[in-house]
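> build me a structure from this.
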Amino acid sequence: MDIKEYIRENESRFMDELFSLIRIPSISALPEHKNDMSACAQRWKELLLEAGADRAEVMPSDGNPLVFAEKQVDPTAPTVLVYAHYDVMPAEPLELWNSNPFEPEIRDGRIYARGADDDKGQAFIQVKAFEYAVKYGLLKHNVKFIFEGEEEIGSPSLNAFCKKHKELLKADIILVSDTSMLGADLPSLTTGLRGLAYWQIEITGPNRDLHSGHFGGAVANPINTLCKLLAQVTDSDGRITIPHFYDKVEEVPATERRMIAQIPFDEEKYKAAIDVKELEGEKGYSTLERNSCRPSFDICGIWGGYTGEGSKTVLPSKAYAKVSCRLVPHQNHEEISRLFIDYIQSIAPTSVKVEITPMHGGEGYVCPIDLPAYRSAESGFAKAFGKQPLAVRRGGSIPIISDFEQILGIKTILMGFGLESDAIHSPNENFSLDIFRKGIEAVAEFHRLGF
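Down below sits the predicted model:
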């Protein structure tokens, strides 16, 4: 049966199965959802067996459980390892959703729900393409699956799991659908990801909150100090001021800059989509270079003092911030973390105490475009979308991708189908049904061609 016909005949079942996953609020960041993590892992195990896996099991880790499954067609054939994650981001702020984030709805040809794209919808593409390939005898290689439940909190348990189960996860290539395309009519394969370093900062001034009239102007205000410190991390040219931060940053090659310049990009449309009047960033680089292959620094959250209704004239005892750097290949996140901590401590005044806690991080990744598996993925996109996909670097981070290469010695093909308009991590996350169908067709073609 033709893949398009197969999708049409089974789409109602597909939606029922996908929605059964989405309805489970598998939020790894919130400990009260621990039972939901196990329930979601169990549901994935059932669906993988139904799709044609020879075996599937829920396996323990130091944190949330993982799901492993496999299908062997020939012990001498190559093996592809499909990675995905079943955890999702918290749905807040709930008041900005147009529907219940964990009760999926289809509106205007799109599925609206938390996890519709990231990553339940995209992972489901992989499983349904596998189902079709198994059913019609298209597999030329063995297939393994590893689905984790901690990607949204930095995959803290997966590294140790991979080291412990290297033989179980042995494969020739890894296939991941957890990235995005340039547009619905601009299919693209991600060939690079940025790394990440993340910290929480705590600034302590006086031993208690003080009356700002009695003490203001005489005692250091932790919030004022925190703002001053963070403002010094970047300069007027948008460059990061941490000493030695750029030591291992490679300049974008001229040939790649020319390729990036050829990517269709409407800056006015880009600004309108996020409702900003102007863009800014590192001097000397284009927007597409800044958000994909150059490092960046961002304050992700900042708080302290009184934020309730009305006013309270207080000089707070403490101030906090969560900050991150997106890194490029060759920047080691642990080294960058140390450099950042040393820098902030060196410029902090003695009038406050500064405590910086490193959180999760990971390395960047680059995929060669001459790999046979990459060419099969490229052909899959071409068949499903009717045009050759562009090869692009993306600005996001999937730290485990570099870990896979370091621990398992395997390259990863990033065959993602998301769109910027899918609003992942935001209210009203959604996923296009048209892209969903084309994604299944593209991955099924990858399996048919082999590598």
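
> helix or strand: which one has the residue lying closest to Leu18 once chain neighbours are set aside?
Spatial nearest neighbour of Leu18, excluding adjacent residues (C-beta to C-beta, 6 or more residues apart in numbering): Phe124 at 4.9 Å. Where C-beta positions appear, they are placed from N, C-alpha and C, glycine not excepted. Per DSSP states H and E, Phe124 falls inside helix 120-135.

> nearest spatial neighbour of Leu21, chain-adjacent residues omitted?
Lys120 (5.0 Å).

> I figured the one you found was touching Tyr86, is that so?
Yes. Counting by C-beta atoms under 8 Å, Lys120 does reach Tyr86; the two are 6.6 Å apart.

> any common contacting residues for those two?
Leu21 (C-beta atoms under 8 Å, 6 or more residues apart in numbering).

> give me the buried positions along whatever helix or strand Tyr6 lives in.
Assigned by DSSP H and E, Tyr6 belongs to helix 3-22. Using 16 or more other C-beta atoms under 10 Å as the test for burial, helix 3-22 gives Ile3, Tyr6, Ile7, Asn10, Phe14, Met15, Glu17, Leu18, Phe19, Leu21, Ile22.

> quick check: angle from it to helix 120-135?
Interaxial angle of helix 3-22 relative to helix 120-135 (axes from the mean of the first three to the mean of the last three C-alpha atoms, to 10 degrees): 130 degrees.

> quick check: next helix or strand after helix 3-22?
Next along the chain after helix 3-22, taking DSSP H and E as the criterion, comes helix 34-51.

> what residues go with each domain of the protein?
3-193+364-449, 195-249+295-361 (automatic domain parsing).

> okay, how far is it across the shortest one, tip to tip?
Spelled out, that is domain 195-249+295-361. Distance between the two ends of domain 195-249+295-361: 7 Å, counting by C-alpha to C-alpha, to the nearest Å.

> could you check how far that domain is from the centre of its chain?
Relative to the centre of its chain, domain 195-249+295-361 is centred 24 Å away, using C-alpha atoms, centre = their mean, to the nearest Å.

> got it, and the longest one?
Per C-alpha atoms, centre = their mean, the displacement of domain 3-193+364-449 from the mean C-alpha position of its chain is 11 Å.

> tell me the span between the first and last residue of it.
Domain 3-193+364-449 end-to-end distance (C-alpha to C-alpha) = 14 Å.

> okay, angle between the helix holding Tyr6 and helix 34-51 too, please.
Counting by the same axes, to 10 degrees, helix 3-22 lies at 160 degrees to helix 34-51.

> what does helix 3-22 rub up against?
The contact list for helix 3-22 (C-beta under 8 Å, 6+ apart) reads 1, 40, 43-44, 47, 86, 102, 104, 106, 111, 113-116, 120-121, 124, 128, 132, 135, 437, 440-441, 444-445.

> what subset of those is buried?
Those of the contacts of helix 3-22 that meet the buried threshold are 40, 43-44, 47, 86, 102, 104, 111, 113-116, 120-121, 124, 128, 132, 437, 440-441, 444-445, by 16+ other C-beta under 10 Å.

> now for the lowest-mean-pLDDT helix or strand in the chain, which elements pack on it?
Least confident helix or strand of the chain, by mean pLDDT, DSSP states H and E, is helix 254-261 with a mean of 84. If you count contacts as 3 or more C-beta pairs under 8 Å, 6 or more residues apart in numbering; DSSP states H and E, helix 254-261 packs onto helix 287-290.

> tabulate the CA atom coordinates of the helix it packs on in PDB.
What follows is helix 287-290, C-alpha atoms only, in PDB (Å, rounded to 0.1, in the frame of the first residue of the first chain):
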ATOM      1  CA  THR A 287      20.600  37.400  12.000                       C
ATOM      2  CA  LEU A 288      20.800  33.800  10.700                       C
ATOM      3  CA  GLU A 289      24.500  33.600  11.700                       C
ATOM      4  CA  ARG A 290      23.800  35.100  15.200                       C
END
